[in-house]
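Engineer: just a sequence and a predicted model for now, questions to come.
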Amino acid sequence: MKRAAVKKLQQLPATSEWTFEAIDAYHTEIARVAGEFGIDVYPPQIELITAEQMMDAYASVGMPVNYHHWSFGKHFLTTEKGYRRGQMGLAYEIVINSNPCIAYLMEENTLTMQALVIAHAAYGHNSFFKGNYLFRTWTNADAIVDYLIFARHYIAECEERHGEEEVELLLDSCHALMNLGVDRYKRPPKLSLAKEKLRQSERTEYLQSQVNELWRTLPLHDAKPGRALRPRFPPEPEENLLYFVEKHAPLLEPWQREIVRIVRKIAQYFFPQRQTQVMNEGWACFWHYTLLNRLYDEGLLADSFMLEFLQSHTNVVYQPAYNERWYNGINPYALGFMMWQDIRRICESPTEEDRAWFPDIAGSDWHETFDFAMKNFKDESFVAQYLSPKVIRDLRLFAILDDEHESKLKVSAIHDDRGYRRVREILSDQYNLGSREPNIQVWNVDLRGDRSLTLRHQEYRRRPLGGTIDEVMKHMARLWGFTVRLETQHEDGTVELVQETRIEKRRGHPDN
Amino acid sequence: MTRIIDRRFDSKKKSAVNRQRFMRRFKQQIRRAVSDAIQDRSIRDLDNGEQISIPSKDLSEPQFQHGRGGVWEQVFSGNDQFSSGDLINRPPAGGGGRGQGKASNEGEGEDDFVFHLSREEFLDIFFDDLALPNLIRTQLAKITDYKTQRAGFTADGTPANINIIRSMRGALGRRLALGSPFTVRLRELQKELDEVIETCGEDSSEAIALREEIARVRAKIEAIPFIDSFDLRYNNRIKVPKPTTQAVMFCVMDVSGSMDEEKKATAKRFFMLLYLFLNRTYEHIEVVFIRHHTIAKEVDEDEFFHSRESGGTVVSSALKLMHEVIMSRYARGNWNIYGAQASDGDNWDNDSPICRDLLDAQILPYCQYFAYIEITPGEPQNLWREYEKLMGAHKNFAMQRIEAPADIYPVFRELFKKTLV
């Protein structure tokens, strides 16, 4: 390396204490190398914070501003406890999908860790946020911080006007349904603080009038009572429960609808992150590894730096075996990192097996392949598309079938020729939100009768619903204001009523 | 362009509001936990805040989830022994589905949610609805002391308080302001006069007229009073009530042979709780320790709790000593006096009525509050029966019986229950 010899003189500082100058120097070099690799990022904004501020940020789901709610206080306490006991794993970084992309560095970290985080978060995650189709479709990096500010003010205003308690109850209910408050297929409109404020009042009035129309009590004379013919409302099942509540719950006040909307919007914003953990973390690990190694090859990094860096790196991408004490499922960092490394290997030096399995990428330019893969996949499809037999062998993956009706567990596939595809299929399904979370949709509202709402749960592989159903149903009933039912449709097509939550008083609390 | 921003000095405690909300939301659970903690632990730990644990299920945030059951097919790593088609026995239920979501979703052995309360938060909850009886009344009644402090200047007051500088400054300003039209006029006339003298001579009729005019204006300027009652300013002093922020607490304890170490420990906790509470209310507290068997003695804290005497019991000796101490040191009105007496109730029979009279006439009138606890597992003793007669007559007297250390906290609450004023 000719260049290495030239640069050798300007080795980057290798102390463990960081300074602003040192961080700046590292950042400049990392940015340069990232540019050489053609990583496309939002302009990074690096912020140095204390451990306490880091915990604050953790508690408010990683956002720089958020509305107030007790659950964030609870998360703060949990995080604080973990941190004080020294159990905190990777509290090194938080990165916010915004433009500019904000990356937090924690004061306590060594210079090496700061450099690692810059490469990992400010270039790895950042480019993923900017490139991946899910983030491009579902989130709007330019507006999120503004929107959160709007949300915080709005909710604070509601608290002032309607009492903290009332707002808190409403937020509790919304949070309980947050995971079911996302559109999985429709594309959300862009958020913007100005527009949002402008349209908000119009919208609330309009919405109220629409709701009123729906709940007209004037009898319709031409309606013939015929149970079979009565159309369902909504005509198609609605997957977004919070959306349905916001638009159609009969008794909510306009401000309550707006709060439901805020929670829904935030849930939607985090939706892509839940679906791209393996890809995203793997991508960031790949890039911090690649960028820092390139700097080392150029002679800019000291050996002591590399040793510390490699130690942290290997800790993060370690995958314990199933029978080890600290096994906690497949480590997304490990799987993601290995897969990205493997894709590069397939591109650069494919084996016969790779040519058979990945004819279209074997031997191709890895930059292009990476770009395509990063932009167009989520965990589920990424695993289904790119998990190679080599990674399956390296991780010694195997699948276990646990059927309630059988007395024993069955090893359904292992890392052999017969098993590769099966393992890949099962692992891919493991990352499919549709099978990870129960599929519950709004099925029907009894418009002409008691206004009760029926939710339908489509059973997946005979899995029942978990223990907290009645709590969640109470929350649903609180939002809806009338009786709420939950049905399960079994795989053989029969429908069973699981839970009915009645609500006695208007706006009262459900008494089950 | 890239920015590196130092946010370390930004506002801290961003989560404080969320923490408060969390505390408010789970007040019931936290209170229960605090109360349990107090029963189990040494009271000395009060200074250190408290580790609180709440059952996790109470504060779970419910979600729709898959439960156990049905068909699960999952991928694991690190295969070391299995081949396709192997059958494995189900691991015991407690082991929980072998890692991965399932187990944690509804594991039975859920941990408690543990977090740390700061000392302030802990004491706040601990003292939550406690307040010393009649505290508010005491404070109102106790405002006997005033101190004066400066409060600017006023336009009226006694001559002794005249502030000369302020007054003269005001007068000078007033003179300047009132005189200014004349001064201007005077200057003009003077100039005119000079011109007239130059053109028409010293004695021309115009010059004479001007001189007369000047004299008139001068007279007007001089007529402005040098100082007016309007100018006077007085130093203002106001009286502010000086709240009584000091208290003295008498700890009276029987150390005769019948008080064993366990009873003393119980008494000690009671005194400590009282001290802690007073500590929150008063800036300065003195504690007087009086121990007695047949004769009473004022001692320091260490001796109070740790040395042991034997022999009979004459309670009145301690009360007499307490009265003497009050008279000699704390009789002036600015002390809030609290008395706490602990005993196992044993007393020389003839002495109990004397005790009652002493309390009635010589101690209770000076005390904000006097509490008597009898630490005995058995029947009430003669002292208790005599003291009972005081109950109706004095609102600032309370008595309780304690059997075990675990009773202290409820008793304490009972004694210092918030009373309506």
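Structural biologist: Cool, got the structure.

Engineer: tell me which stretches of the stretch 351-500 of chain A form strands.
Structural biologist: Taking DSSP state E, counting those that start in this stretch to define them, one finds strands in the stretch 351-500 of chain A at A:398-403, A:408-413, A:439-445, A:453-458, A:484-489, A:495-501.

Engineer: with the stretch 101-250 of chain A instead?
Structural biologist: Using DSSP E, counting those that start in this stretch, strands in the stretch 101-250 of chain A cover A:101-106.

Engineer: chain B too?
Structural biologist: All strands of chain B, identified by DSSP state E, fall at B:3-6, B:50-55, B:71-76, B:87-89, B:112-117, B:146-154, B:234-241, B:246-254, B:284-292, B:296-299, B:336-343, B:369-375, B:397-402.

Engineer: just put these in a markdown table and tack on distance to chain A.
Structural biologist: (Each C-beta comes from the backbone N, C-alpha and C, glycine too.) Below are those laid out as a markdown table (distance: least, CB to the nearest CB, whole Å):
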| stretch | distance to chain A |
| --- | --- |
| strand B:3-6 | 5 |
| strand B:50-55 | 10 |
| strand B:71-76 | 4 |
| strand B:87-89 | 4 |
| strand B:112-117 | 4 |
| strand B:146-154 | 37 |
| strand B:234-241 | 35 |
| strand B:246-254 | 36 |
| strand B:284-292 | 34 |
| strand B:296-299 | 42 |
| strand B:336-343 | 37 |
| strand B:369-375 | 37 |
| strand B:397-402 | 35 |
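
Engineer: B:Asp360 is nearest to which of those strands?
Structural biologist: Nearest to B:Asp360 among those is strand B:397-402; the distance by CB to CB comes to 9.2 Å.

Engineer: quick one: least confident helix or strand in chain B?
Structural biologist: Within chain B, no helix or strand scores below helix B:102-106, which has a mean of 36 by mean pLDDT, DSSP states H and E.

Engineer: domains of the chain?
Structural biologist: You didn't say which chain, so I picked chain A. Annotated domains of chain A cover A:2-132+A:276-310, A:326-434, A:438-501 [automatic domain parsing].

Engineer: I was after chain B.
Structural biologist: Domain assignment of chain B by automatic domain parsing yields the ranges B:18-58+B:112-128, B:159-237, B:246-415.

Engineer: was I right about B:Tyr275 contacting B:Glu286?
Structural biologist: No. Using CB atoms under 8 Å, B:Tyr275 makes no contact with B:Glu286, being 10.8 Å away.

Engineer: between these two, which one's more packed in?
Structural biologist: B:Tyr275 (16 against 13; other CB atoms under 10 Å in any protein chain shown).

Engineer: check contacts around that one.
Structural biologist: Residues near B:Tyr275 by CB atoms under 8 Å, 6 or more residues apart in numbering or on different chains: B:249, B:285, B:287.

Engineer: so where's chain A shaky on pLDDT?
Structural biologist: For chain A, residues meeting the criterion pLDDT under 70 lie at A:1-9, A:82, A:84-92, A:185-192, A:194, A:211-230, A:504-512.

Engineer: turn the strands of the stretch 351-500 of chain A into CSV, columns for mean neighbour count.
Structural biologist: What follows is these, written out as CSV (neighbours: other CB atoms under 10 Å in any protein chain shown):
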stretch, mean neighbour count
strand A:398-403, 21
strand A:408-413, 19
strand A:439-445, 21
strand A:453-458, 22
strand A:484-489, 20
strand A:495-501, 16
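
Engineer: just grab the bridge partners of the closest residue to A:Arg461 other than its chain neighbours for me.
Structural biologist: Leaving aside its chain neighbours, A:Arg461 sits nearest to B:Val71 (4.0 Å; criterion: CB to CB, 6 or more residues apart in numbering or on different chains). Assessed by DSSP bridges, B:Val71 has beta-bridge partners A:Asp403.

Engineer: you'd agree B:Val71 is up against A:Asp403?
Structural biologist: Yes. With contact defined as CB under 8 Å, B:Val71 and A:Asp403 form a contacting pair (4.9 Å).

Engineer: who in the stretch 201-350 of chain A is up against chain B?
Structural biologist: Counting by CB under 8 Å from any CB of the partner chain, the residues of the stretch 201-350 of chain A close to chain B are A:319-324, A:327-330.

Engineer: can you pick the most crowded of the residues you listed?
Structural biologist: Going by other CB under 10 Å, A:Ile330 tops these with 24 neighbours.

Engineer: how about the closest residue to chain B within chain A, phi and psi?
Structural biologist: Nearest to chain B in chain A, going by CB to the nearest CB, is A:Ala321, at a distance of 2.4 Å. For A:Ala321, the backbone dihedrals are phi -80, psi 160 (criterion: degrees, to the nearest 10).

Engineer: who's in contact with it?
Structural biologist: A:327, A:396, B:77-78, B:80.

Engineer: wait, A:Pro237 touches A:Ile440, no?
Structural biologist: No. A:Pro237 is not in contact with A:Ile440 according to CB under 8 Å; the separation is 9.7 Å.
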